[in-house]
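Asker: sequence and predicted structure are below.
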Amino acid sequence: MKISVVGTGYVGLVSGTCFAETGVNVTCVDIDEKKIKNLNNGIIPIYEPGLEDIYKKNAEKGRLLFTTSLKDSLEDSDAIFIAVGTPPDEDGSADLKYVLGVAREIGKHIDHYMVIVTKSTVPVGTAVKVKAAIQGELDKRGADISFDVASNPEFLKEGSAVEDFLKPDRIVIGTESKKAQKVMQRLYKPFLLNGHPILFMDITSSEMTKYAANSMLATKISFINDIANLCEIVGADVDSVRKGIGSDARIGHKFIYPGTGYGGSCFPKDVQALIRTADEHNYSLDILKAVESVNYRQKSVLFNKINTHFQGNLKGKRFAMWGLAFKPKTDDMREAPSLVIIEKLLDAGASVVAYDPVAMEESERILGDKITYAKDEYEATIDADAMIVVTEWSEFRQPNFRVLDKLMKNKLIFDGRNIYDPEELAEKSYTYYAIGRKTVQS
């Protein structure tokens, strides 16, 4: 079986590589000549655990190819996946210009039946627009070529995307014909052999499922962050509350860890897009609007604690920041809480020395020389007035406090991920601020 994947960003590259891992012949297409050249030379543009190994293996076996020619990739393909970006427009809606641009290009060159699959996260109704764009180009050519459009949303978590793709919780596919369903079922057959459920449904429901899933997860995060803030006010410990509610099987323990707000490429964009879709249909998703509002506020919570502790005088203060990526196991800094905190600290006249295991190159691309980068987490704390934990990387969980005692000016920690034990820090004479917990004073 042969497929094409248009777009070699996060979704496209992971999807294409993982399909190749199941024995499918995959051609990945991108208009970025430099990116394609790098991919053909063994250089991948993103950090994702496990991806490089299977990329190299399948490229060496000839099952994974890269090209800038969409026309050439279509030859003998059974399906083509559109996995290009859908950035938020000014009004929060998903910008479909890249998706529809690919659809028109397909319409110009398609010469046999195939299934055109939207893999990008797209709002309800996109498949109709994709189908119209392709048909419009066929009509211009006077070509009578049948095709089907399908929706196959991704549910990949950055940091475990390869595992998620190869061992999915579920596979959601929206189709409008039995012929398309058979093509997709054949493509995903290796996953079915391992017992992973495949859910066929209409295209509109498939498109909605992706947004609804991410919005539900974002809702859980904003909910626990709101509860955490109330816990601080009334004197409760959100960690105890989290365990208490998470033990209820109807709620569960996942996505109820308080912190500095959600970020990344999916949740912020998808919540905004779903709100916008509802507005376009004269319906207000009030819960999701609150979710977005809480998340926006939460990104400033840690800075507010810092500012209050120093009584509004941050000028000349030096802060060590542990973690820059929006979550561990990724270098993604899109909508990262660290960016908000850094901006506020710099505006207040403070300086920031940061360390992140994988995201410092990305941070430097975004921030330039606005902050200083350390070679490791301990170098970042030299002469620091306080340490700020923003990303819960595993290597930050058991720091050497005897080293920190010698390096930092003050025994002061602002923990945006609640990874330390307040009692332990009290014993070590640290002042410790966390999210939704009582402050420990030295």
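Answerer: That came in fine, so what should we check first? Residues are numbered from 1 along each chain as shown.

Asker: low pLDDT regions in the stretch 201-350 of the chain?
Answerer: Counting by pLDDT under 70, the stretch 201-350 of the chain contains no low-confidence segment.

Asker: can you give me the strands in it?
Answerer: Assigned by DSSP state E, counting those that start in this stretch, the stretch 201-350 of the chain shows strands spanning 318-322.

Asker: okay, now the domains of the chain?
Answerer: The chain breaks down by automatic domain parsing into domains covering 2-201, 211-297, 299-433.

Asker: so can I have CSV of those domains showing mean neighbour count and distance to Thr439?
Answerer: (C-beta placed from N, C-alpha, C; glycine too.) Compiled in CSV, the domains of the chain are given as follows (neighbours: other Cβ atoms under 10 Å; distance: least, Cβ to Cβ, whole Å):
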stretch, mean neighbour count, distance to Thr439
domain 2-201, 19, 30
domain 211-297, 18, 8
domain 299-433, 19, 5
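
Asker: so can I have JSON lines of those showing distance to Gln441?
Answerer: As requested, those are exported to JSON lines (distance: least, Cβ to Cβ, whole Å):
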{"stretch": "domain 2-201", "distance to Gln441": "35"}
{"stretch": "domain 211-297", "distance to Gln441": "14"}
{"stretch": "domain 299-433", "distance to Gln441": "5"}
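
Asker: of these, which is nearest Ser442?
Answerer: domain 299-433 (4.6 Å; Cβ to Cβ).

Asker: start to end distance for that closest one?
Answerer: End-to-end distance for domain 299-433: 15 Å, by Cα to Cα, to the nearest Å.

Asker: now do stretch 370-380
Answerer: Start-to-end, stretch 370-380 (Cα to Cα) is 15 Å.

Asker: now the helices for the stretch 101-250 of the chain?
Answerer: 126-141, 161-166, 178-187, 189-192, 203-234, 238-246 (DSSP state H, counting those that start in this stretch).

Asker: those: which one's closest to Gly368?
Answerer: So among the helices of the stretch 101-250 of the chain, helix 161-166 is nearest, using Cβ to Cβ, at 28.5 Å.

Asker: what packs against that closest one?
Answerer: In this structure, helix 161-166 makes packing contacts with helix 10-21, helix 51-60, judged by 3 or more Cβ pairs under 8 Å, 6 or more residues apart in numbering; DSSP states H and E.

Asker: can I get the ones you listed in JSON lines with distance to Phe200 and mean pLDDT?
Answerer: JSON lines is the format used below for these (distance: least, Cβ to Cβ, whole Å; pLDDT from 0 to 100):
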{"stretch": "helix 10-21", "distance to Phe200": "19", "mean pLDDT": "94"}
{"stretch": "helix 51-60", "distance to Phe200": "27", "mean pLDDT": "94"}
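
Asker: wait, which of these is closest to Asp369?
Answerer: Nearest of the helices and strands packed on helix 161-166 (Cβ to Cβ): helix 10-21, 27.0 Å.

Asker: how far does that closest one sit from the chain's center?
Answerer: With Cα atoms, centre = their mean, to the nearest Å as the basis, helix 10-21 stands 16 Å off its chain's centre.

Asker: next one: stretch 68-88
Answerer: Centre to centre, stretch against its chain (Cα atoms, centre = their mean), the figure for stretch 68-88 is 22 Å.

Asker: skip the chain neighbours and tell me the closest residue to Ser146.
Answerer: Of all residues not flanking Ser146 in the chain, Tyr113 sits nearest, at 5.1 Å (Cβ to Cβ, 6 or more residues apart in numbering).

Asker: tell me which residues are up against stretch 356-363.
Answerer: 47, 322-325, 330-333, 338, 354, 371, 373, 391, 393, 395 (Cβ atoms under 8 Å, 6 or more residues apart in numbering).

Asker: how about 10 Å then?
Answerer: Stretch 356-363 has contacts (Cβ atoms under 10 Å, 6 or more residues apart in numbering) with 46-47, 49, 321-326, 328-334, 336, 338-339, 342, 354, 366, 370-371, 373-377, 380, 390-391, 393-396.

Asker: so how far is that stretch from its chain's centroid?
Answerer: 16 Å.

Asker: quick check: Val437 vs Glu424, distance?
Answerer: That one is not Val; residue 437 is Arg. Distance from Arg437 to Glu424, counting by Cβ to Cβ, to the nearest Å: 13 Å.

Asker: mind checking the end-to-end distance for stretch 294-305?
Answerer: Span of stretch 294-305 from end to end, Cα to Cα: 17 Å.

Asker: swap in stretch 171-180?
Answerer: Counting by Cα to Cα, the terminal residues of stretch 171-180 are separated by 15 Å.
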